[in-house]
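Asker: Sequence first, predicted model second:
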Amino acid sequence: MSAKLIKGTEIREQILAEIAGEVSQLKEKHGVVPGLVTILVGQNPASISYVTLKIQTAERLGFKEVQDNQPDTLSEKDLLALIDKYNKDDSIHGILVQLPLPKHVDEKKVLNAIDPDKDVDGFHPVNVGRLMIGGAEVKFPPCTPAGIQELIVRSGVETNGAEVVVVGRSNIVGKPIANMMFQKGRGANSTVTVVHTATKDLAAHCKRADILIVAAGVPDLVKPEWIKPGACVIDVGVNRVGEKISKKTGKKIAILKGDVDFDAAKEIAGFITPVPGGVGPMTITMLMKNTLKSLYASQLAVTPESVSCHRTIRFFWSVGTIPSSILSGVGEVELLPRRKDSP
Ligand code: GUN
């Protein structure tokens, strides 16, 4: 194997350790912790396992974690009322409504009801707009794309001026990651091409990529001859192609395959993510990071000069700076030193 393996499981542990350190300091110095509520409507088995992992991670980090399980008979009106309750709860900084929702509920209406300043999934149209504007406007980058950007940055892959090709144009991965990669800032500033089902010559576009991000949902779509030697290949695909018995638990588990022919691609690429263990572990990690950011943001007051090039940011706690680990990855809030005359 010539490619360097980008291990999401290891990078997850680095980031979670940074977040846990922040949380324990915040608790000790200011008596606050990030609060995350996960609303699960119904009993979808995949949703239950996602949600369980989210809760375990939040608890491990010392967050306040509220698990709100509701029956699948819950009316849309009652779900909207529940969201409104958490929108008004100052101890909750992040609200996540687990998708998919039962058919009688309008998913769009529900996502739009979440306060954009607590929308740690980054799915609310306001946050999609903020992401499009970029820079300091970005509040909650959606978790999977944010995780991809962290993997790229922490692996030392150069993005400045790089040719990035994104395969897939979903709202959750393709569109946002394309947008993030062409913005100005760290882990970005790239030239981006998005290819999709109507693209005439997928291979030709992929071959030009210094960074190839594949989120198509088609097992082994990307062949080794589509990869530029030395390129960084990020495989977002998680395709169930069969079942096997786990050696650890003796239980039946899914056999997963990515969108890239990994065994062949790893001989050509410079960097590559495995499936599982690459992008997957990053989604919940970035959800935790967004929830911590939301707590910080709830304690920030931006002075009116924020509209000018000299932004001054005042903290209610006067902690001085937001730790760079919380802001790393995307070109987000740029903190300037406190001015003497700032309130
Ligand atoms: N269902 C599967 N993945 C996700 C996710 O990232 N966020 C939400 N809200 N629901 C999901």
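Answerer: Happy to help now that I have it.
Asker: any idea how far whichever helix or strand Y296 is part of is from the chain center?
Answerer: In this assignment (DSSP states H and E), Y296 forms part of helix 280-298. Taking C-alpha atoms, centre = their mean, to the nearest Å, one finds helix 280-298 lying 8 Å from the centre of the chain it belongs to.
Asker: One more: stretch 291-299?
Answerer: Remark: stretch 291-299 is offset 16 Å from the chain centroid, using C-alpha atoms, centre = their mean.
Asker: Kindly report the same for stretch 84-94.
Answerer: With C-alpha atoms, centre = their mean, you get 21 Å for stretch 84-94.
Asker: Report the buried residues of that stretch.
Answerer: Buried residues in stretch 84-94, counted by 16 or more other C-beta atoms under 10 Å: Y86, I92, H93, G94. C-beta here means a position set from N, CA and C on the backbone, and glycine is covered the same way.
Asker: So which of those are in strands?
Answerer: Judged by DSSP state E, the subset of the buried residues of stretch 84-94 located in strands is G94.
Asker: wait, which of the buried residues of stretch 84-94 is closest to V260?
Answerer: G94 (31.8 Å; C-beta to C-beta).
Asker: quick one, what contacts the closest one?
Answerer: For G94, the contact set (C-beta atoms under 8 Å, 6 or more residues apart in numbering) comprises P34, G35, L36, V37, K118, V120, L287, N290, T291, S294.
Asker: what does G217 give?
Answerer: Per C-beta under 8 Å, 6+ apart, neighbours of G217: G168, G237, N239, D259.
Asker: Verify the stated contact: the first one with H196.
Answerer: Pointing back at G168 there. Yes. Under the criterion of C-beta atoms under 8 Å, G168 makes contact with H196 at 6.6 Å.
Asker: shared neighbours of these two, anything?
Answerer: Common neighbours of G168 and H196 (C-beta under 8 Å, 6+ apart) are G174.
Asker: Report the mean per-residue pLDDT for the helix holding Y296.
Answerer: With pLDDT averaged residue by residue, helix 280-298 scores 95.
Asker: now stretch 179-190
Answerer: 96.
Asker: in a strand, that's where V165 is, yeah?
Answerer: Yes. The assignment for V165 is a strand, going by DSSP: H, G, I helix; E, B strand; the rest coil.
Asker: Settle this for me: it is touching T193, isn't it.
Answerer: Yes. Counting by C-beta under 8 Å, T193 is a contact partner of V165 at 4.9 Å.
Asker: who's more crowded, the two?
Answerer: When neighbours are counted by other C-beta atoms under 10 Å, V165 and T193 differ, and V165 comes out ahead with 25 against 16.
Asker: who's in contact with the more buried one?
Answerer: V192, T193, V194, V195, H205, C206, R208, A209, I211, L212, I213.
Asker: Might one say that M286 is in contact with E150?
Answerer: Yes. The criterion here is C-beta under 8 Å, and M286 meets it with E150 at 7.1 Å.
Asker: Common neighbours of the two, please.
Answerer: Common neighbours of M286 and E150, using C-beta under 8 Å, 6+ apart, are I15.
Asker: ok, these two, which is more surrounded?
Answerer: The neighbour comparison of M286 against E150 (other C-beta under 10 Å) goes to M286, with 27 against 24.
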